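# Only the shape, not the letters, is given here:
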């Protein structure tokens, strides 16, 4: 027993103890491309899903109906917290888009091809801005007044709800500015 105990003490210590606590399967930093892709997937899944726990728009428009559980077909959307699900998914996508925008905005561009890199960066920021506008437009269409001006502040757990008309006006201005910023002389997120 003493030999086993001594062997245990001998081989249980390491000089690189901090490296042992690093999870190599979970990155500490995520690229803007990954955040953008994740946001796009979440948005499209929310819009196009046929799962009635996730997306009920075909039931609302009466393209579909239900046979066994008719809550959603009868416009009862509160029994399964569907509005909360929509809210959560769209705001999670907005957080990803906001983080991707911040990462791209902070990128330092260098030679060679500085002008081309600047166009690509501007196109990437404009595309993210257009997707942001799209998501906010969907949220305002669905809910009316929503958190907008204070929405993506991670330290503010109770953001103010902004007036829908004010949000629509700002979204139009943001969309027009983003479209004007697009430059088709170069790329954006790749081919």
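That came through fine. As the structure is a computational prediction, the values presented were derived from the model and not from experiment.
# the helices in the chain, which residues?
Along the chain, the stretches classed as helices by DSSP state H are 2-12, 17-20, 32-48, 57-60, 82-106, 114-143, 164-181.
# got the angle between the last one and helix 114-143?
Going back to what we said before, that points to helix 164-181. Angle of helix 164-181 versus helix 114-143, following axes from the mean of the first three to the mean of the last three CA atoms, to 10 degrees, is 160 degrees.
# sorry, back to before: can you say which of the helices of the chain is nearest to residue 152?
helix 82-106 (4.8 Å; CB to CB). Every residue, glycine included, has its C-beta placed from N, CA and C.
# Can you spell out which helices and strands pack onto the closest one?
helix 32-48, helix 114-143 (3 or more CB pairs under 8 Å, 6 or more residues apart in numbering; DSSP states H and E).
# Give me the contact list for that helix.
30-33, 35-36, 38-40, 42-43, 45-46, 53-56, 72, 77, 121, 124-125, 128-129, 131-132, 135-136, 138-139, 142-143, 151-152, 154 (CB atoms under 8 Å, 6 or more residues apart in numbering).
# do the same with stretch 51-68
Contacts to stretch 51-68, defined as CB under 8 Å, 6+ apart, come from residues 45-50, 69, 72-73, 75, 77, 80, 82, 85-86.
# ok, the closest residue to residue 119 other than its chain neighbours - contacts?
Spatial nearest neighbour of residue 119, excluding adjacent residues (CB to CB, 6 or more residues apart in numbering): residue 186 at 4.0 Å. Shown in contact with residue 186 (CB under 8 Å, 6+ apart): 116, 119-120, 123.
# at 6 Å instead, please
Residue 186 makes contact with 116, 119-120, according to CB atoms under 6 Å, 6 or more residues apart in numbering.
# so how far is residue 5 from the residue positioned nearest the centre of the chain?
The structure's the chain has its C-alpha centroid closest to residue 93; by CA atoms, centre = their mean the separation is 1.9 Å. Using CB to CB, to the nearest Å, we find residue 93 at a distance of 54 Å from residue 5.
# Report the helix or strand with the lowest average pLDDT across the protein.
The least trusted helix or strand in the chain, going by mean pLDDT, DSSP states H and E, turns out to be helix 17-20, with a mean of 72.
# Out of the helices of the chain, flag the one nearest residue 190.
Closest among those, using CB to CB: helix 32-48, at 8.0 Å.
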